[in-house]
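Asks: what's the 3D shape of this:
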Amino acid sequence: MDLSQARFNMVEQQVRPWEVLDQAVLDAMLEVPREHFVPAAYRRLAYSDIRIPLGFGASMFAPKWGGRLLQALAPAKHERALEIGTGSGYLSALLARLCGAVISVDIQPQFVEDATRKLRAIGAENVHCVAGDALEGWASEAPYDLIAVTASSPARRPAIEAQLAPGGRLFIVTGTAPAMEARLITREGDRYLEESLFELELEPLRGAETPPRFQF
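Replies: Residues are numbered from 1 along each chain as shown. All right, here's what the predicted structure looks like:
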């Protein structure tokens, strides 16, 4: 399998047609070896237009979702990012190419351990992965220019939004299945502007699951 060609095809046939036109984002996706972050059992599917299971009830974003997330956040080299949900470490690696420093937090220690090893192997030294519960953000390192939440929440999370620096941007998926929507929240002073991006369905943040409805 020609992985370089598969990576090119992913960008040109999946990501770009999904209106991801930011060249810095496309270049990062061409450079980072996605197969390096995919579980061994799914490596042949690394560049497929699917969500790949990671275990512990989590999965990797479809490539086009990651591209839209990055384009919406518009990272700059001088900016600091918080990633809530390290998962495979692939999005962490892309963020590392596009901004100055990344703090990535995951409640599952195994993800943190595996991602740290893989990120170091490709030279992504500006990512610090931490095991912890970031349901309400990671206030000890705030404020952040960018925050990417890679799991869903039934509603917006004000505690996370408050950790944005002025001009900061937050990507979050809100709602409950099957009606979920990716949103971009931008902080302007004391105001938080909201923009709807696209529909998708995503696993919930641990602790943010919607309680089951009573049936009579």
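Asks: Show me the strands in the chain, by range?
Replies: Residue ranges of the strands in the chain, as given by DSSP state E, are 53-55, 58-59, 80-84, 101-106, 127-131, 144-153, 164-176, 179-188, 191-199.
Asks: looking at these, which is closest to Arg206?
Replies: Taking Cβ to Cβ, strand 144-153 is the member of the strands of the chain nearest to Arg206, at 7.7 Å. Glycine gets a C-beta too; all of them are placed from N, C-alpha and C.
Asks: which helices and strands sit right next to that closest one?
Replies: Under the contact definition 3 or more Cβ pairs under 8 Å, 6 or more residues apart in numbering; DSSP states H and E, strand 144-153 sits against helix 63-73, strand 80-84, helix 90-98, strand 164-176.
Asks: Pull the contacting residues for the spatially most central residue of the chain.
Replies: Centrality entry for the chain: nearest residue to the mean C-alpha point is Thr150, 4.3 Å, by Cα atoms, centre = their mean. Applying Cβ atoms under 8 Å, 6 or more residues apart in numbering to Thr150 gives the contacts 61, 83-85, 87, 91, 202.
Asks: possible to save the helices and strands packed on strand 144-153 as a markdown table with distance to Glu141?
Replies: Below are the helices and strands packed on strand 144-153 laid out as a markdown table (distance: least, Cβ to Cβ, whole Å):
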| stretch | distance to Glu141 |
| --- | --- |
| helix 63-73 | 17 |
| strand 80-84 | 7 |
| helix 90-98 | 15 |
| strand 164-176 | 12 |
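Asks: and of the ones you listed, who's closest to Phe37?
Replies: helix 90-98 (3.9 Å).
Asks: Name the surrounding residues that touch stretch 12-32.
Replies: Counting by Cβ under 8 Å, 6+ apart, 7-8, 10-11, 49, 62-64, 66-68, 70-71, 74, 90, 93-94, 97-98, 122 sit against stretch 12-32.
Asks: circling back to that earlier point, need the helices and strands packed on strand 144-153 in JSON lines with mean neighbour count and mean pLDDT, can you?
Replies: Formatted as JSON lines, the helices and strands packed on strand 144-153 follow (neighbours: other Cβ atoms under 10 Å; pLDDT from 0 to 100):
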{"stretch": "helix 63-73", "mean neighbour count": "24", "mean pLDDT": "97"}
{"stretch": "strand 80-84", "mean neighbour count": "26", "mean pLDDT": "98"}
{"stretch": "helix 90-98", "mean neighbour count": "25", "mean pLDDT": "98"}
{"stretch": "strand 164-176", "mean neighbour count": "20", "mean pLDDT": "97"}
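Asks: Longest helix of this structure, counting residues only.
Replies: helix 109-121 (DSSP state H).
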